[in-house]
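Attaching a predicted model along with its sequence, questions to come.
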Amino acid sequence: MNELVSATRRLKDGDMEQHERVVIVANRTPATKTAGGLACGLLDALREKPSLWFGWSGELREDDSNSVQLSSIDSLTVAAIPLAREAHNRYYNGFANGVLWPAFHHRLDLMRFSETDYTGYLEVNRHMAEQLRPLLRPTDLLWVHDYHLLPFADMCRAQGLQQRMGFFLHIPFPVPSVAQAIPRIDELLDAMCAYDLLGFQTEDDRSAFVNLCRERRPQKPVPETGVYPIGVDPHTLRKEAELAPQVKLWPNESIQGILSVDRLDYTKGLPERFKAYAKLLEDSPELRGNVQLVQIAPPSRTDVPAYVDLRHQLTSLTGEILGRYAMLDWQPLIYVEQQYDRAALMPLYRQARVGLVTPLRDGMNLVAKEYVAAQDPADPGVLVLSRFAGAASQLDGALLVNPHDPGEVAEAMRVALSMPREERVARHRRMWAVLCASTIEGWRNRCLEDLRKVKQKGARPSVPFSVSELMRRSREAQDAEVEKAHS
């Protein structure tokens, strides 16, 4: 405990007390520069100026009473906390990924709700707010990320914290007709209104949130909102793609490669993709022996039944495709369930004639942008992209497809494989310009600058009732649920 007190004092001492510091709050803290997701996009920038990243360390214990673990990466202070195993299960597996993730991706059939999980979700958000509070300075700018932390600002406001707080949702926000099926949606909307600024990937997502608030909570003012499509660092990615590949995927130049990289998740449209590829081989026999799909899909949430079922389905489809079309000297499909870091992936993207990115629904999908950044501008590949990915609103040089229509996806792959170089270059040039105009640095700067402007306006949305009342209601409903089960 003495180490935490000393470290906290060091954080607050000196001239930096008077200067703004960006505080990132996310479900996980970054471990390395090659960490995925949010960390990959922000870590370099945060290392340059004094800043703080707070979140779960990844460690599970029997209880979560121990103190914050502090470490440094250049000017970035990482404040990581452990979580109790049961609390994490209810918060993360239970409500965040058992309700919010499927519902936000329009999969209400996979949503499973319990009062115990919802209470656990609120309690972990409250616990994280309590653990962060001693580390904060009055001038800090809090930037909170993703669906795990929808009520986090409400928890902070209940403790008297007045710092500016912005929120960014990395996944889609559901349309009102779907969102209304989420249990406790009104309470979650009220809690989200404790943020000073809410950011979304696309205008469709922002509009869906605003319309839902106006429909469900017409008596409450809607907080400031904005559209901030997350980007990449295209020049760095191009340099990484130009390095010698660790693996030469298609050493035989007569084979045209199609590459897909996704986390093994039911939102990514992998079974639909495999069926579309099988249709391509069925309808275009001239491509047999001359094309190969490589699907990289590292498993995730392997203890969740929906993901177990998905894995079995993909294994079955892989066997069907190989059994029907494979030859002694040619495999039509390579399916790999392994994780690769960005440095290994970028040269692989560059080798692929087609980048196949066909999620059923996605907030942005940075794989699409990474594929474009990796291409040789003199001889680029073609991006086949789902129109339901956020990236589709920006990358107009891609071939946009409906991932639910195997015939349409198969035809897009056929067109991509036969597209003349002149057209490929023109399409890539347009998308490269978009990447350079909408970088990860520009995304960060726009979000934070708009958050600063919200404070200058003096606008602060009111919170309709306290967090203690929110949790009291949840516990009462949970008790009623238990009583009903035993009656």
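Great, that's in hand. Residues are numbered from 1 along each chain as shown.

what's the distance between residue 385 and residue 427?
11 Å (C-beta to C-beta, to the nearest Å). (Glycine included, C-beta is placed from N, CA and C.)

Mind listing the shared neighbours of those two?
Counting by C-beta atoms under 8 Å, 6 or more residues apart in numbering, the contacts common to residue 385 and residue 427 are residue 398.

Of those two, which one has the most company?
When residue 385 and residue 427 are compared for neighbours, residue 385 comes out ahead with 29 against 22, by other C-beta atoms under 10 Å.

Determine the number of other residues adjacent to residue 356.
Residue 356, neighbours per other C-beta under 10 Å, totals 30.

For my notes, confirm it occurs in a helix.
No: according to DSSP: H, G, I helix; E, B strand; the rest coil, residue 356 belongs to no helix; its state is strand.

ok, now which ones touch it?
Per C-beta under 8 Å, 6+ apart, neighbours of residue 356: 258-260, 273, 293, 384, 413.

Of these, which is the most crowded?
Taking other C-beta under 10 Å as the neighbour criterion, residue 413 ranks highest of the contacts of residue 356 with 30 neighbours.

What about that residue? Give its phi and psi, please.
Backbone torsions for residue 413, taken as degrees, to the nearest 10, come to phi -60, psi -40.

Kindly report the same for residue 435.
According to degrees, to the nearest 10, residue 435 has phi -60, psi -40.

Residue 231 is in contact with that one, correct?
Yes: using C-beta atoms under 8 Å, residue 435 is in contact with residue 231, at 6.7 Å.

Common neighbours of those two, please.
residue 369.

Which stretches in the stretch 251-400 of the chain count as strands?
256-261, 291-296, 333-336, 354-357, 382-386, 399-401 (DSSP state E, counting those that start in this stretch).

Ok, the stretch 101-250 of the chain next?
141-145, 164-168, 197-200, 224-227.

got the angle for the first one vs strand 164-168?
Counting by axes from the mean of the first three to the mean of the last three C-alpha atoms, to 10 degrees, strand 141-145 lies at 20 degrees to strand 164-168.

Listing partners with orientation, what would you give for strand 141-145?
Applying DSSP bridges to the sheet, strand 141-145 is found paired with strand 22-28 (parallel), strand 164-168 (parallel).

CA-only coordinates of it in CSV, if you can.
Output of strand 141-145 as CSV, limited to C-alpha atoms (Å, rounded to 0.1, in the frame of the first residue of the first chain):
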residue,chain,number,x,y,z
LEU,A,141,-9.0,14.7,-19.5
LEU,A,142,-10.7,11.2,-19.3
TRP,A,143,-11.3,9.3,-22.5
VAL,A,144,-13.2,6.1,-21.9
HIS,A,145,-13.4,3.3,-24.4
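
which other residues reach it?
Strand 141-145 has contacts (C-beta under 8 Å, 6+ apart) with 20-27, 38, 136, 152-153, 156, 163-168, 170, 195, 447-448, 451-452.

again, only using 7 Å
Strand 141-145 has contacts (C-beta atoms under 7 Å, 6 or more residues apart in numbering) with 20, 22-26, 38, 152-153, 163-168, 170, 447-448, 451.

and that strand, average pLDDT?
If you average the pLDDT over strand 141-145, you get 97.

and what of the third one?
Within the predicted structure, the mean pLDDT of strand 197-200 is 98.

cool, the last one as well?
When the per-residue pLDDT values of strand 224-227 are averaged, the result is 97.

what comes up buried for stretch 52-67?
Across stretch 52-67, burial judged by 16 or more other C-beta atoms under 10 Å covers 52-57, 64, 67.

Can you get me the centre-to-centre distance for that stretch and its chain?
When distances are taken as C-alpha atoms, centre = their mean, to the nearest Å, stretch 52-67 is centred 21 Å away from the chain's centroid.

Other residues contacting it?
Contacts with stretch 52-67, where a contact means C-beta under 7 Å, 6+ apart, come from 1, 4, 21, 23-30, 46, 69, 76-85, 87-88, 127, 132, 135.

same thing but 6 Å
Stretch 52-67 has contacts (C-beta atoms under 6 Å, 6 or more residues apart in numbering) with 1, 4, 23-29, 69, 77-80, 82-85, 88, 132.

how near is the nearest residue in space to residue 360 that is not next to it in sequence to residue 385?
Leaving aside its chain neighbours, residue 360 sits nearest to residue 269 (4.4 Å; criterion: C-beta to C-beta, 6 or more residues apart in numbering). With distances taken as C-beta to C-beta, residue 269 is found 11 Å from residue 385.

And for residue 305?
Using C-beta to C-beta, residue 305 is found at 30 Å from residue 385.

Helix or strand with the lowest mean pLDDT in this protein?
helix 2-12 (a mean of 48; mean pLDDT, DSSP states H and E).

Please name the residues that touch residue 372.
Residue 372 neighbours (C-beta under 6 Å, 6+ apart): 383, 431.

Mind pulling the model confidence for it?
For residue 372, the predicted pLDDT is 98.

How many neighbouring residues does the nearest residue to residue 90 once chain neighbours are set aside have?
Ranked by C-beta to C-beta, 6+ apart and with sequence neighbours excluded, the top spatial neighbour of residue 90 is residue 120, at 2.6 Å. By other C-beta under 10 Å, the residues close to residue 120 number 25.

Report the contact partners of residue 120.
Taking C-beta under 6 Å, 6+ apart, one finds 87, 90-91, 94 in contact with residue 120.

Which one (most neighbours) among these?
residue 91 leads the contacts of residue 120 on contacts (other C-beta under 10 Å) with 27 neighbours.

What's the separation between the nearest residue to that one once chain neighbours are set aside and residue 101?
Distance criterion C-beta to C-beta, 6+ apart; nearest residue to residue 91, sequence neighbours excluded, is residue 124 at 3.8 Å. Taking C-beta to C-beta as the measure, residue 124 and residue 101 are separated by 16 Å.

follow-up on the earlier one: what residues are up against the residue nearest to residue 360?
Residue 269 neighbours (C-beta under 6 Å, 6+ apart): 358-360, 403.

next one: residue 173
Contacts of residue 173 (C-beta under 6 Å, 6+ apart): 205, 208-209.

same thing but at 7 Å, please
By C-beta under 7 Å, 6+ apart, the neighbours of residue 173 are 104, 200, 205, 208-209.

chain center to the strand ranked longest in the chain, what's the gap?
As assigned by DSSP state E, the longest strand anywhere in the chain is strand 51-61. Distance of strand 51-61 from the chain centroid (C-alpha atoms, centre = their mean) equals 18 Å.

Run the angle between that strand and strand 141-145 for me.
40 degrees.
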